[in-house]
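Chemist: Take this sequence and fold it.
(4 chains)
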There are 2 protein chains.
Amino acid sequence: MNTATDVDRVFAALADATRRDIVRRAIDGEEGVAELADHYPMSFAAVQKHVAVLERAGLVTKQRIGRRKVVRTNLAGLRVARRLMDQYEELWRGRIDRMTDLIADTKETHA
Amino acid sequence: MNTATDVDRVFAALADATRRDIVRRAIDGEEGVAELADHYPMSFAAVQKHVAVLERAGLVTKQRIGRRKVVRTNLAGLRVARRLMDQYEELWRGRIDRMTDLIADTKETHA
DNA sequence: CATTGATACAACCATACGGTTGTATGGAAT
DNA sequence: ATTCCATACAACCGTATGGTTGTATCAATG
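Modeler: Numbers count the residues shown, from 1 in each chain, chains lettered A, B, ... in the order given. Here you go, the predicted structure:
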């Protein structure tokens, strides 16, 4: 019932192999939705929905070119998730440092 | 070698604010499931399920200590997802390089 | 303007997910 | 052995998700 946050949407969007593959393909930014759909064993409508999910998550953008809409991945969207994981790693390093300090303190105490 | 469903599970696990917060808290690796549950406005069972999801995704581990099971985040699990996004970024850089080369070629052709 | 190609969207179905309560298991403490 | 605390798990409920088909929009072309 809670409205999903931006981060929720980014991770949820990446939690599907088809969508991750669309992100990969759309890095080149040359294919429209129908062209993308040709790569997958599902209907056009299904792929169109996947692209919509990625778009709502800010992971791809669509640009009208002629009668098609070309799908392009949006690097900034990916960085949202990456930054979060970098932060976790940062916290982890902090924990190690704290433990190291603790050991150092213990040594001093016992010196 | 990671099957696609492993990656699915990691991203899906991170697509929930409560679970991300558990990952953050479990970096310190001191709280059991019940202690974690106290931080959230939901039942113990709900939190226990969230921890189970994180465990299946390889994002946390549990260790028996006394009568509790202490939850610890597993940095390696996070890196699975991070590596994938690094790869996307790599591809992106490749695309830029290719475009740059193309422009360079054009210049040469017109020289 | 009628047609065709590419995309969007609605309705529907099956399954997965996030939450609940209730019950069972496993160590600690008495 | 009994009690108590912490954890696990099953059954259930409402909603979200991933897929389908069918219809509507919109832009290029005859």
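
Chemist: show me what contacts the residue nearest the centre of chain A?
Modeler: The geometric centre of chain A, computed from its C-alpha atoms, lies nearest to residue A:78 (Cα atoms, centre = their mean), at 4.3 Å. Taking Cβ atoms under 8 Å, 6 or more residues apart in numbering or on different chains, we find residue A:78 in contact with A:10, A:23, A:59, B:85, B:88-89. Where C-beta positions appear, they are placed from N, C-alpha and C, glycine not excepted.

Chemist: Equivalent analysis for residue A:81, please.
Modeler: Applying Cβ under 8 Å, 6+ apart to residue A:81 gives the contacts A:7, A:10-11, A:14, B:14, B:81, B:85.

Chemist: And the furthest pair within the contacts of residue A:78?
Modeler: Comparing all pairs in the contacts of residue A:78 by Cβ to Cβ, the longest separation belongs to A:10 and B:89, at 14.5 Å.

Chemist: Which one's more surrounded, those two?
Modeler: Under the neighbour definition other Cβ atoms under 10 Å in any protein chain shown, residue A:10 and residue B:89 were set side by side, and residue A:10 has more, 26 against 15.

Chemist: and the more buried one, that's in a helix?
Modeler: Yes: for residue A:10, which was evaluated using DSSP: H, G, I helix; E, B strand; the rest coil, the result is membership in a helix.

Chemist: would you turn the contacts of residue A:78 into JSON lines with secondary structure?
Modeler: Putting those into JSON lines (three-state DSSP) gives the following:
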{"residue": "A:10", "secondary structure": "helix"}
{"residue": "A:23", "secondary structure": "helix"}
{"residue": "A:59", "secondary structure": "coil"}
{"residue": "B:85", "secondary structure": "helix"}
{"residue": "B:88", "secondary structure": "helix"}
{"residue": "B:89", "secondary structure": "helix"}
